[in-house]
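Chemist: Give me coordinates for this.
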Amino acid sequence: MDMSLKVRVRVPATTANLGPGFDCLGMALSLYNELEFEISDAGRFDAGGTEGISQGDVPQRDALQTDTSQRGGAQRDASQRDGPQRDAPEPRNLVVRSFSECLRRLEVSAGWVRYRALKTDIPVARGLGSSAACIVAGVLAAREVAARLGGKEMSLSEAIDLATEIEGHPDNVVPAAIGGLTAAVWEGGPGDEDGGSLGPVPSSRVVYCRLAPPEELTMAALVPDFRLSTEEARSALPGSYGRADVVFNISRAALLVAAVATGDLGVLRTAVQDRVHQPYRLPLIPNASEVLAAARGAGSLAEFVSGSGPTIMALLRGDGTEFSREVLPRLARIPGGWKIYLLKPDHRGAVVWAE
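Modeler: As a prediction, this is how the structure comes out:
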């Protein structure tokens, strides 16, 4: 069966770790990328019989490639638009890789595929989940294509497993897919070889829970004009931690989840404290201490490094209007081109629709 199909995907930005929740806590934010996939000459194939996708129409240039062929080159990809780079990741097309791999596993062949970015609002390499957004978009678009063409079925949990396999950890992937604040662990994945148990290890899968953050909570993302690669941020971490630091983080992570679940925002400053990654990553972010002081001086409830940085996230009560008015002149005096995004929790996660 040959046919043509259009699929659109909208994926939210995410903030991960949330202070002490290293590699497991994440929250979806009201900032989005939206992609459109055009597929033709598609149909089922026998597993292993052919490649899942032809990439001839999708150049391998960046984590998010914008097709400008029908727009006279007027639209630029996110990496071009976001200003100077600082230790950015090597170019790689995560959308193509995830879309292709998902189609292959679902035994669907696409003879011709083109995609274009309709919206690229998530800054690249800033700690706001741009890579996870690309991966989730590719996997969920391919899952929708397979469902329309009679390919193998893939549950949402299985799609999250695949996206996490490609990304390497679930803290951004899960909230990007399902929205809200999520706690997620990759059971049987890297670093979990024995599962921490006495029994056999299941095949790799992501186990997760979702909370709805309080409606009064607003996140102020303080975003600089330079990048920080995840690879550099991870290389700054120590190889081991003492018991006191581990207990410190476990207690704060538990308090943070309880605070969100109960709406008790008054404990957030204690709940976002961390000894696992922030003390080692803050020195990689120029003027981070000044930015943190500016946020506190403007009335934030708590602050933490978003993902691996360099974005600093400030937690607020209310709509953030007064905070923004107070913090902007303070940020203007700090080198680094810091901007503010006032964001609410996204409760839907990725949305997919077909034409």
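Chemist: looking at it, Ala177 is touching Thr164, isn't it?
Modeler: No: using C-beta atoms under 8 Å, Ala177 makes no contact with Thr164, being 9.6 Å away. Backbone N, C-alpha and C define where each C-beta goes, glycine included.
Chemist: got the domain boundaries for the chain?
Modeler: 5-208+346-354, 213-343 (automatic domain parsing).
Chemist: burial of Ala258, as a residue count?
Modeler: Per other C-beta atoms under 10 Å, the neighbour tally for Ala258 reads 12.
Chemist: low-scoring stretches of the stretch 151-300 of the chain, by residue?
Modeler: 189-203 (pLDDT under 70).
Chemist: What segments of it are helices?
Modeler: All helices of the stretch 151-300 of the chain, identified by DSSP state H, counting those that start in this stretch, fall at 156-167, 173-178, 230-235, 243-262, 268-271, 278-281, 288-297.
Chemist: Of all those helices, which one comes closest to Ala28?
Modeler: Closest to Ala28 of the helices of the stretch 151-300 of the chain is helix 173-178 (C-beta to C-beta; 4.1 Å).
Chemist: Identify the residues contacting that closest one?
Modeler: 11-14, 26-28, 129, 132-133, 135-136, 140, 156, 159-160, 163-164, 167, 181-182, 184, 206, 208, 210, 346, 349-350 (C-beta atoms under 8 Å, 6 or more residues apart in numbering).
Chemist: Keeping just the C-alphas, turn that helix into CSV.
Modeler: Provided in CSV are the C-alpha atoms of helix 173-178 (Å, rounded to 0.1, in the frame of the first residue of the first chain):
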residue,chain,number,x,y,z
VAL,A,173,11.9,12.8,27.8
VAL,A,174,9.0,11.8,30.1
PRO,A,175,7.6,15.3,30.9
ALA,A,176,8.1,16.3,27.2
ALA,A,177,5.9,13.3,26.3
ILE,A,178,3.2,13.5,29.0
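Chemist: From Gly138, how far out is Ser308?
Modeler: Taking C-beta to C-beta, to the nearest Å as the measure, Ser308 falls 21 Å from Gly138.
Chemist: whoops, I mixed them up, Val185
Modeler: For Val185, the distance to Gly138 - C-beta to C-beta - is 23 Å.
Chemist: More neighbours: which of those two?
Modeler: Gly138 (30 against 20).
Chemist: Highest mean neighbour count out of the domains of the chain?
Modeler: The highest mean neighbour count among those, using mean count of other C-beta atoms under 10 Å, belongs to domain 5-208+346-354: a mean of 20.
Chemist: mind checking the end-to-end distance for it?
Modeler: Using C-alpha to C-alpha, to the nearest Å, one end of domain 5-208+346-354 lies 7 Å from the other.
Chemist: Specify the local secondary structure of Asn33.
Modeler: strand (DSSP: H, G, I helix; E, B strand; the rest coil).
Chemist: right, and it touches Thr14 too?
Modeler: No: using C-beta under 8 Å, Asn33 is not in contact with Thr14, being 11.3 Å away.
Chemist: Name the nearest residue to Phe304, sequence neighbours excluded.
Modeler: Gly19 (4.1 Å; C-beta to C-beta, 6 or more residues apart in numbering).
Chemist: residues touching the one you found, list them.
Modeler: Arg252, Ala253, Leu256, Ala271, Val272, Gln273, Asp274, Gln278, Ala302, Phe304.
Chemist: how close does Leu31 get to Gly179?
Modeler: 13 Å.
Chemist: and for these two, which residues touch both?
Modeler: The contact lists of Leu31 and Gly179 share Pro12, where a contact means C-beta under 8 Å, 6+ apart.
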